[in-house]
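A.B. asks: Quick one, fold the following:
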Amino acid sequence: QLVESGGGSVQAGGSLRLSCTASGFPYTRYCMGWFRQVPGKEREVVATADVDDGTTYGDSVKGRFTISEDNAKNTVYLQMNSLKPEDTAMYYCAVGLGASNLALQVYEYNYWGQGTQVTVSS
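C.D. replies: Down below sits the predicted model:
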């Protein structure tokens with residue numbers, strides 16, 4: 001089970017931090033990722049992080065977002081700074097079993113959270 005929190009509404013230039021905790025999770029090799037989706041568009045990768053501390057970011061968020069993990073707590077965070085209206089989306093946490101930070105496609109992930117809405121106003 002993946003439980004996300006931290007979404008909300010913020011003005012452009014502001015910050016939010018998303019959290020995602022995996023429970024009932026016996027796996028030791030996996031990648032945790034954040035994706036986002038707006039209505040009518042495909043779900044896109046935002047950032048990924050694996051158990052070896054490898055990270056990857058989508059081009060549109062590089063330099064603004066930071067993904068981090070607390071492996072002991074099975075929790076991944078997404079710090080989002082300098083938010084823009086185009087960052088408005090439903091954000092999903094996901095886990096890819098056996099995957100590395102290079103897993104950027106939706107099909108590479110096995111478990112998904114329910115999503116948390118992020119709205120950035122101009």
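
A.B. asks: Going by C-alpha atoms from here, please, whenever you check contacts or count neighbours.
C.D. replies: Will do.

A.B. asks: Across the sheet, point out what pairs with residue 66.
C.D. replies: residue 79 (DSSP bridges).

A.B. asks: show me the contacts for it.
C.D. replies: By C-alpha atoms under 8 Å, 6 or more residues apart in numbering, the contact list for residue 66 reads 47, 78-80.

A.B. asks: For those, which single residue is the most surrounded?
C.D. replies: residue 47 (27 neighbours; other C-alpha atoms under 10 Å).

A.B. asks: show me where pLDDT drops low in this protein?
C.D. replies: The model of the chain has no residue with pLDDT under 70.

A.B. asks: So for it, the centremost residue is which one?
C.D. replies: Against the mean C-alpha coordinate of the chain, by C-alpha atoms, centre = their mean, the closest residue is residue 34 at 1.9 Å.

A.B. asks: what's the spacing between that one and residue 73?
C.D. replies: Separation of residue 34 from residue 73 (C-alpha to C-alpha, to the nearest Å) stands at 17 Å.

A.B. asks: swap in residue 17?
C.D. replies: 17 Å.

A.B. asks: the more surrounded of these two?
C.D. replies: residue 17 (16 against 10).

A.B. asks: distance of the nearest residue to that one once chain neighbours are set aside from residue 18?
C.D. replies: Setting aside the residues directly before and after it, residue 17 is nearest to residue 79 in space (C-alpha to C-alpha, 6 or more residues apart in numbering), at 4.4 Å. Using C-alpha to C-alpha, residue 79 is found at 6 Å from residue 18.

A.B. asks: surely residue 113 meets residue 19?
C.D. replies: No. Contact between residue 113 and residue 19 fails when scored by C-alpha atoms under 8 Å: they sit 10.9 Å apart.

A.B. asks: What residues does residue 105 make contact with?
C.D. replies: By C-alpha under 8 Å, 6+ apart, residue 105 lies in contact with 44-45.

A.B. asks: contacting residues around the helix or strand harbouring residue 36?
C.D. replies: Assigned by DSSP states H and E, residue 36 falls within strand 30-37. Strand 30-37 is contacted by residues 43-51, 76, 78, 89-101, 103 when judged by C-alpha under 8 Å, 6+ apart.
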